[in-house]
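[1] Below is the sequence, then the predicted model.
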Amino acid sequence: MRYALFEGQRDIILLLARILLMTLFVLAGWGKLTGFDGTVAYMTSLGAPAPTLAAAVAVVMEFAVAILLILGFYTRPLALLFALFVLGTALIGHPFWNMVDPERSANMTQFLKNMSIIGGLLALAVAGPGRISLDRR
């Protein structure tokens, strides 16, 4: 069944979806880039393997790749790659199963937020970027 409300709006909605999914990451990535030493320290505190490399990967993914997704460049493969990245950050950064309340509740919410973002990224990988994108130019 097609919804008349969305007829002709697919490309605008896909652009809006890309912007809404990635704005959080662009802002977080910029913060990680401009405060790189703090990012490395945070990665160390999480027990991330190779914290400097992990921080660099986070900056590239959250800032550069997020911008590419907003622009609709290599959208399908980058959305899948980003979904894997978000899964990794959820597992490393929000292990609520090892915590007690109130930390457990807060991290479970963050973990589930990441799962929701993965859902949006998978939908984007299937739907593609729409016509308002570099992929379509």
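    Looks like it arrived, so ask away.
[2] Poorly predicted segments of this structure, please.
    Scanning the chain for pLDDT under 70 picks out the ranges 1-5, 137.
[3] Mind doing that once more with 80?
    Scanning the chain for pLDDT under 80 picks out 1-7, 137.
[4] For residue 136, grab the count of nearby residues.
    By other CB atoms under 10 Å, 12 other residues sit near residue 136. Quick note: C-beta positions are derived from backbone N, CA and C, even for glycine.
[5] Ignore what I typed, I meant residue 31.
    Neighbourhood size, residue 31 [other CB under 10 Å]: 15.
[6] ok, it - contacts?
    Contacts for residue 31 were tallied using CB atoms under 8 Å, 6 or more residues apart in numbering; there are none.
[7] Can you list the buried residues in the helix or strand hosting it?
    Using DSSP states H and E, residue 31 maps to helix 10-34. Residues of helix 10-34 classed as buried: 14-15, 17-18, 21-22, 25-26, 28-29, 32-33 (neighbour count, 16 or more other CB atoms under 10 Å).
[8] Would you mind measuring from the closest residue to residue 73 other than its chain neighbours to residue 48?
    Nearest residue to residue 73 in three dimensions, chain neighbours excluded: residue 134, at 4.3 Å (CB to CB, 6 or more residues apart in numbering). Between residue 134 and residue 48 the distance, using CB to CB, to the nearest Å, works out to 32 Å.
[9] Next: residue 59.
    From residue 59 to residue 48 the distance is 13 Å (CB to CB).
[10] cool, residue 129 as well?
    31 Å.
[11] Compare these two (neighbour count), which wins?
    Neighbour count, other CB under 10 Å: between residue 129 and residue 48, residue 129 has more, with 26 against 20.
[12] The more buried one reaches residue 78, doesn't it?
    No - at 9.8 Å, residue 129 and residue 78 do not qualify as touching, with contact defined as CB atoms under 8 Å.
[13] measure residue 128 to residue 111 for me?
    28 Å.
[14] Among those two, which residue is more densely surrounded?
    residue 111 (18 against 15).
[15] Just the angle for the helix or strand hosting the more buried one relative to helix 10-34, thanks.
    Using DSSP H and E, residue 111 maps to helix 103-127. On the basis of axes from the mean of the first three to the mean of the last three CA atoms, to 10 degrees, helix 103-127 is oriented at 130 degrees to helix 10-34.
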